[in-house]
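Engineer: Structure of the sequence below:
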Amino acid sequence: MARIPSVLGTLAATGALALGVSTPALAAHGQLIVPGQVFDNPSGCVAGPIWPQIVTNNTNEYAIIYDGPNCTGRVLEVVPPGGQSSGLASEFGQSIWIA
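Structural biologist: Numbering: from 1, shown residues only. Presented below is the predicted three-dimensional model:
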């Protein structure tokens, strides 16, 4: 039963990545906020500068949080537009991908 949220998160991340690949590479509109930094109209991979990795996604795109640097490793969480991270991302997130 505990694997269901993990599987759903992975499916959501895969879907978000698939959508991002099929559209032109444009920056997200809005702000991505991580502890100590605000990224205006972010695009691509953003390094999480500090822990806890609390991500506030005030953009129009999904933010995908990875446990490795340079948007590698396991997907920990997908933060929807207007959302904020919780759970594993707060403890283990190292980088964020946003289209």
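
Engineer: which one is Ala47 nearest to, not counting chain neighbours?
Structural biologist: Leaving aside its chain neighbours, Ala47 sits nearest to Ser95 (5.5 Å; criterion: C-beta to C-beta, 6 or more residues apart in numbering). The C-beta positions use only the backbone N, C-alpha and C, and glycine is treated the same way.

Engineer: number of nearby residues for that neighbour?
Structural biologist: 19 (other C-beta atoms under 10 Å).

Engineer: Now do the contacts for it.
Structural biologist: By C-beta atoms under 8 Å, 6 or more residues apart in numbering, the residues touching Ser95 are 45-48, 65-66, 68-72.

Engineer: ok, of those residues, which come out buried?
Structural biologist: 46, 48, 65-66, 71 (16 or more other C-beta atoms under 10 Å).

Engineer: any chance of these in CSV, plus secondary structure?
Structural biologist: Formatted as CSV, the buried ones among the contacts of Ser95 follow (DSSP: H, G, I helix; E, B strand; the rest coil):
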residue, secondary structure
Val46, strand
Gly48, coil
Ile65, strand
Tyr66, strand
Cys71, helix
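
Engineer: For the chain, which element, helix or strand, carries the lowest mean pLDDT?
Structural biologist: When the helices and strands of the chain are scored by mean pLDDT, DSSP states H and E, helix 3-22 comes last with a mean of 53.

Engineer: circling back to that earlier point, flag the least confident of the contacts of Ser95.
Structural biologist: Checking pLDDT across those, the minimum falls on Gly48 at 76.
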